[in-house]
Structure formats: C-alpha cells, structure tokens
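Asker: Turn this into a model:
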Amino acid sequence: MEEPGNIRQNPEVTVPPDSSGSVGPAAPAKPLTSDDIWALLKEKHSKSEWAIFGELRTHTGYGARTGYIDAYAIGMWKENQVCIAYEIKVSRSDFKADVEQFLTKQKAALRNSNQFFYVVPNGLVTPDEIPELAGLIYVTKGGLRTKKIAPFREMPAGALEMDFTRSLMRAAVSLAEYRNSQLALDLEEARKKAAFAAKYGGRELTEEDVDALASERAVRLDQEQIESRSRRKVAERRLRSYEALKRIAHEAGCGEMWHREIYDEQNLAKLCQAVSIAGRIRDGLQYAKMSCLELKKDTDAVKMHIDSVLREMERLSYEATKPDPT
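Answerer: Model (predicted):
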C-alpha cells in the first residue's frame, strides 16, 4: 500500500513539552480510561488556535468503509497549519491488533493528517513498537509526555478526502449546535440569578424567604417527577403498541416493513387487514370476558341462594328434631 504522504521530521509542529517533559493538565489517577485520555487531549488543544473533535467518523453514512479517529486536532492559525490524528489505546491487546493492520486501519487518519500519534498510559508500549509513520505520547502523573515525535507528512492544499471533509463539517456543525445549546442554558441560568437578585434586592434572606424558596423548589421537583413518570408511561405504552404492531405484521407476512422498510401498497394492505382482524379478535375476547363476568355473577347468586336454602333446611330439621318441652 502506498504510504500516505512524504515524510520529514518537523518537531516544531507538535506542542513542545515543558522542562519536566510533560504537556497539558495533570493525568487522572489510574486505571486510565479512554474518556480520561480524551479529556487530557481536549484540554491540551483547548486554546483558540486549535479545534479538536472526538470520535470523528472517517466517512459519512454507514458501511464497511466507515471508521473513527479517536481525536483529531486542527490548527486554526497561520502559524500552526497542521492536522494531528490521535489513536487512544488503554490495553496492549487492542494496541497490537491495531498495529498489525496499521496502514489499513489508520488509512483515512494518515491520509487526512500531518501527524499521527498513539496515546497510551505510561509504559504500556515502547517506542520500538510504534510504526514508522506514528508517534507516541505517554499519559503520566505529570500529564501528557511526548515519547516519540511523529514524522511530519506534507499534505497539498485541498488534500483532505471529500468524504472525510463532509464528516468533519458535520462534526463541526454538531459541535456548534451543542455549544449554542449550552450557551442558551447558561444564559437562562444567568437570567434566573438576575431575577432572583432583583426580587430580593441584594438584601439578606430571612427565614421566611428561605422557607418560601424551599417550598417552591419542592413543588417544582414534585411536578417534574410527575411529568417524568407520565412521559415514561406514555413511552412504555407506545413501545408496547409498537411491539404488538410489529408482531401482527410478522404474523401477517409483511414483516419486511420493519426489516427493509418496504412501505408499498401490498404490505400496507396486509397490515391493515391483520390489524382489523386483530381488532375483531380483541373485541370478541372482550365480549367473552364480559360474558364470563356476568356468568360468574349469576353463579355467585345461585350459590348464595343454595346456601340460603341449605341454612333454611338445617333450621327446619333442627326444629323437627327438637324435643317437645311438654
């Protein structure tokens, strides 16, 4: 397989370590997880000259070609026009499986980046185990430490693959929408705080004020719990209805409406007929149930009448056998 790009050493494009050899915030306590390492990479590229994306898909849509880049950082300034791909590994078996098919598994990451790094817990792998086209970063107690600088690969202008570019743009839009929603939440929280300050005018809260706030909060929590339970019940009813309709469709021979989403007239006619039959069966069962209830009532009444007759017969028998006091 053709190697993606020309190789030359360019240490300046990586974020250089400080005097202690570490970069970024302090690493969390072991055992490390992929989320812990992602948080460190995100913090490392948190300044305005970087944009970083996690779990970035290499293609749009779903299929055999679709892969993921654990972390992808893009330099946003003229001084750091570089794209860096990171692969996070927390186990040797996962690392070895990836390295054995490195050029295949990391094909999209190599073609769409200037540098590629493995990021692993300290000492998990050695630099000698790293492929020639990759670098190595350790996660230590001091933070992220570059153990092997990745070769810098030139990418001509406009070299990003179109599928990858579309995926990158979709990720950027999703990130912008998320940040906008977070901003809206922050603004709403600020508005509530401002309204609270305006209500009490900065004065010290009295015991009555605290009680009123606590009561208001308790009522609001109760309402939220009631609404949550109601939404959950509605969701459960919809799920049961969906499963029942799916079962009816399979029994009617039009299950492909679920498997392959074929909504043609023939399948719809089958489903409507099956639902109609199921409705009639349901009505018949309901009628039978009501008839059984009525029969049970009649049976109970007869039983009560028989019990009454037996009690009367016992009374008469007792009266007949009772000795005459005279």
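Asker: mind listing the strands for the stretch 51-200 of the chain?
Answerer: In the stretch 51-200 of the chain, strands defined by DSSP state E, counting those that start in this stretch lie at 68-75, 83-88, 115-121, 135-140, 143-148, 152-153, listed in chain order.
Asker: and the fifth one, what does it pack onto?
Answerer: In this case it means strand 143-148. Strand 143-148 sits against helix 34-44, strand 135-140, with contacts defined as 3 or more Cβ pairs under 8 Å, 6 or more residues apart in numbering; DSSP states H and E. Quick note: C-beta positions are derived from backbone N, CA and C, even for glycine.
Asker: Identify whichever of the ones you listed lies nearest to residue 303.
Answerer: With Cβ to Cβ as the criterion, residue 303 lies closest to helix 34-44 of the helices and strands packed on strand 143-148, at 67.8 Å.
Asker: quick one: that closest one to chain centroid distance?
Answerer: 19 Å (Cα atoms, centre = their mean, to the nearest Å).
Asker: in it, what counts as buried?
Answerer: Within helix 34-44, the residues that count as buried by 16 or more other Cβ atoms under 10 Å are 34, 36-44.
Asker: picking up where we left off before, nearest to residue 293, of the strands of the stretch 51-200 of the chain?
Answerer: strand 68-75 (59.2 Å).
Asker: partners of that closest one, with directions?
Answerer: Strand 68-75 pairs in its sheet with strand 50-57 (antiparallel), strand 83-88 (antiparallel), by DSSP bridges.
Asker: re earlier: among the buried residues of helix 34-44, which one sits closest to residue 311?
Answerer: Proximity of the buried residues of helix 34-44 to residue 311 (Cβ to Cβ) peaks at residue 34, which lies at 79.1 Å.
Asker: Now do the contacts for the closest one.
Answerer: 70, 88, 90 (Cβ atoms under 8 Å, 6 or more residues apart in numbering).
Asker: isn't the first one right up against residue 90?
Answerer: No: under the criterion of Cβ atoms under 8 Å, residue 70 makes no contact with residue 90, lying 10.8 Å away.
Asker: Might you list the low-confidence residue ranges for the stretch 101-250 of the chain?
Answerer: In the predicted model, the stretch 101-250 of the chain carries pLDDT under 70 at residues 156-179, 194-206.
Asker: circling back to that earlier point, now the helices and strands packed on strand 143-148 in a markdown table, with distance to residue 250?
Answerer: Below are the helices and strands packed on strand 143-148 laid out as a markdown table (distance: least, Cβ to Cβ, whole Å):
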| stretch | distance to residue 250 |
| --- | --- |
| helix 34-44 | 39 |
| strand 135-140 | 50 |
